[in-house]
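>>> What follows is a predicted structure for the sequence shown.
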Amino acid sequence: MTQSHDPACSALSPHADACCKTGTLHPSHTKAFVQTHRVGVCHGPYPQPFIKAWQAWDKRNKSENDPIGWLPADQLYAVFAMADCGKDLEGHQLRGFDQARSIILQVVLALAVAEESLAFEHRDLHWGNVMLAAAPSTYTACRL
């Protein structure tokens, strides 16, 4: 992301920085954060192919977000290009107590590692922001 004197870009900068840093934590500390490939700030309404893709996704998944086709010509918005990191917890059917406990423990430990390593504080944690992917092992490790 490039530096900008625009207040909207300045307000976004800490969030973009946090995404980029958490995705690069060394695997011996935690593997829980998704890699951020690129962050950008765009201007104007969303492109039509993006709007159509979002509408198709919304029809299948029933988003709680507002429709995106109404943005004014002077709208600024951020685009985060991230690696595929699985499915969100909101749409996942838990298989029982052990899986729920495992998810909670992994989220708490990942946040502890990020807070300790990067002075990172997550201020928008909800079940739509917790992504799940099959693990290659039943055990994981983290290091504070």
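That came in fine, so what should we check first?
>>> Give the closest residue to the residue sitting furthest away from the middle of the chain in space, chain neighbours not counted.
Relative to the centre of the chain, and counting by Cα atoms, centre = their mean, the farthest-placed residue is Ala73 at 26.2 Å. What sits nearest to Ala73 in space, not counting adjacent residues and going by Cβ to Cβ, 6 or more residues apart in numbering, is Gly44, at 5.4 Å. The C-beta positions use only the backbone N, C-alpha and C, and glycine is treated the same way.
>>> so that neighbour touches Phe50, yeah?
No. The pair Gly44 and Phe50 fails to qualify as a contact (Cβ atoms under 8 Å) at a distance of 11.8 Å.
>>> what about this structure, any weak spots by pLDDT?
For the chain, the stretches flagged by pLDDT under 70 are 1-21, 23-29, 142, 144.
>>> what helix or strand does His37 sit in?
strand 36-43 (DSSP states H and E).
>>> Name the SS class of the spatially most central residue of the chain, please.
The geometric centre of the chain, computed from its C-alpha atoms, lies nearest to Asn129 (Cα atoms, centre = their mean), at 5.8 Å. Here Asn129 is coil, with the state taken from DSSP: H, G, I helix; E, B strand; the rest coil.
>>> That one and Val107, how far apart?
To Val107, Asn129 is 10 Å away according to Cβ to Cβ, to the nearest Å.
>>> And Lys62, by the same measure?
From Lys62 over to Val107 the distance is 24 Å, taken as Cβ to Cβ.
>>> circling back: next up, the contacts around the residue nearest to the centre of the chain.
Residues counted as contacts of Asn129 (Cβ atoms under 8 Å, 6 or more residues apart in numbering) are Asp88.
>>> Distance-wise, check it relative to Phe33.
11 Å.
>>> still on that earlier bit, with Phe80 as the reference, measure out to the residue nearest to the centre of the chain.
If you measure Asn129 against Phe80 using Cβ to Cβ, the figure is 12 Å.
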